[in-house]
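Visitor: Structure of the sequence below:
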Amino acid sequence: MKPAVLMTDPRNFAIRGGANPHTRRPDNSLKVVEIDKAWPQWHTYIDQLLDRGVDVYIIDATPELTGMVFAANAGFLEGRLDDRAPSDKTFFASHFTAKHRVGESALFEDFMDQFGFTVAEYPDEWRFEGEADAFPVGRGAQKEWLFTWGYRSDENVADWLEDQVIGEPFSRFKLTDPKYYHGDCLLCDLGGPFLGWTGGLDESSSQRLRERFSERLIEMSDEDAASFIGNSFYVETDASRLLYAPSEISSKLRERIESEGIEVVPIDISEFFGKGGGGPKCMVFNLGPVDPDDPRLSDEQRAFRRARHVETLRREEYFPVAP
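Guide: So this is what the prediction gives:
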């Protein structure tokens, strides 16, 4: 098995709702995506993932779903870190706060079902944007679950995750800066230690974060936080521990991360962050370890996985702009 992520074909990427401050100009008008810049950045990011042993699968958005390129918001995959059968992993689609993104949920559910996961529901009235606000830091005995709320997810969702989904406690933190609208915009797992910027949390949450994780927390500067380094994507392969970080990462922070034995891979996705407010983590949904030929899958599910792998789609010249 190889670690794998899900990404969204960006041909329909545009700014439609202005749901976060990054998407708007000083006069509050919506920014305009330059798709000719977005395509090569997207392909280069994929190449950096493939080159280091991370598989990439692709889902399509419709013209109306212009924000679906930020696939991390797809939902929450219970069992992602485990080597259990795909059907024993359960996907819960996000309940989006932005009206123009609500339609994404059905597409993500259909994809995950065909991919081999079990799809389940939870109360419609709960706001929850999945792994962007609920995620583990650390591995094995060091694994801890974090939950953030305040903008896109409801606080009570953590009770449900604890009691009915994960069965483990969540440390809960309240977000207070709309530029950091999800927890994964300012908290980033590094497989043991993790990055954090407490400036986007309320005072009580900041204090609890420092007290609870004092030995594991690597605090970012305001400058690195503003560059969305907290929205970096951490992944482990058989050969390496990797952090895909915005290319604006400071040399000081990069050296600190690399001292942990992690390779920092700088990524330029400025068209996506600069217009949509999403960094490397926002652009990928972590599928965990994936085997496209897993014998526990049906023939149809194996065929679907192979068909939606980015290398298959490239061979078929599926994308309007080549890598």
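
Visitor: who's in contact with the residue nearest in space to the middle of the chain?
Guide: Centroid-nearest residue in the chain, with Cα atoms, centre = their mean: residue 72, separated by 3.2 Å. By Cβ atoms under 8 Å, 6 or more residues apart in numbering, the contact list for residue 72 reads 130-132, 184, 278, 281-286. For every residue, glycine as well, the C-beta is placed using N, CA and C.

Visitor: What's the ChimeraX line that selects buried ones from the residues you listed?
Guide: ChimeraX command restricting the contacts of residue 72 to the buried ones, with burial defined by 16 or more other Cβ atoms under 10 Å:
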select :130,131,132,184,278,281,282,283,284,285,286
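
Visitor: Now do the helix or strand hosting residue 58: which elements does it pack against?
Guide: Applying DSSP states H and E as the criterion places residue 58 in strand 55-59. Secondary-structure packing of strand 55-59 (3 or more Cβ pairs under 8 Å, 6 or more residues apart in numbering; DSSP states H and E): strand 2-8, helix 35-51, helix 104-115, strand 285-290, helix 310-315.

Visitor: If we use 7 Å, what do you get?
Guide: Using 3 or more Cβ pairs under 7 Å, 6 or more residues apart in numbering; DSSP states H and E, the elements in contact with strand 55-59 are strand 2-8, helix 35-51, helix 310-315.

Visitor: how about the first one: buried residues?
Guide: Same thing as strand 2-8. 3-8.

Visitor: now the second one
Guide: Neighbour counts over helix 35-51 (16+ other Cβ under 10 Å) mark 35, 38-39, 41-43, 45-46, 48-49 as buried.

Visitor: got a list of contacts for it?
Guide: Helix 35-51 is touched from outside by 5, 7, 10, 13, 56, 244, 265, 267-269, 271-272, 283, 310, 321, 323, with contacts defined as Cβ atoms under 7 Å, 6 or more residues apart in numbering.

Visitor: among the residues you listed, who's most crowded?
Guide: residue 283 (28 neighbours; other Cβ atoms under 10 Å).

Visitor: Dig out what residue 172 forms beta bridges with.
Guide: Residue 172 forms beta bridges with residue 147, as assigned by DSSP bridges.

Visitor: What is the nearest of the contacts of residue 72 to residue 317?
Guide: Nearest to residue 317 among the contacts of residue 72, counting by Cβ to Cβ, is residue 283 at 22.5 Å.
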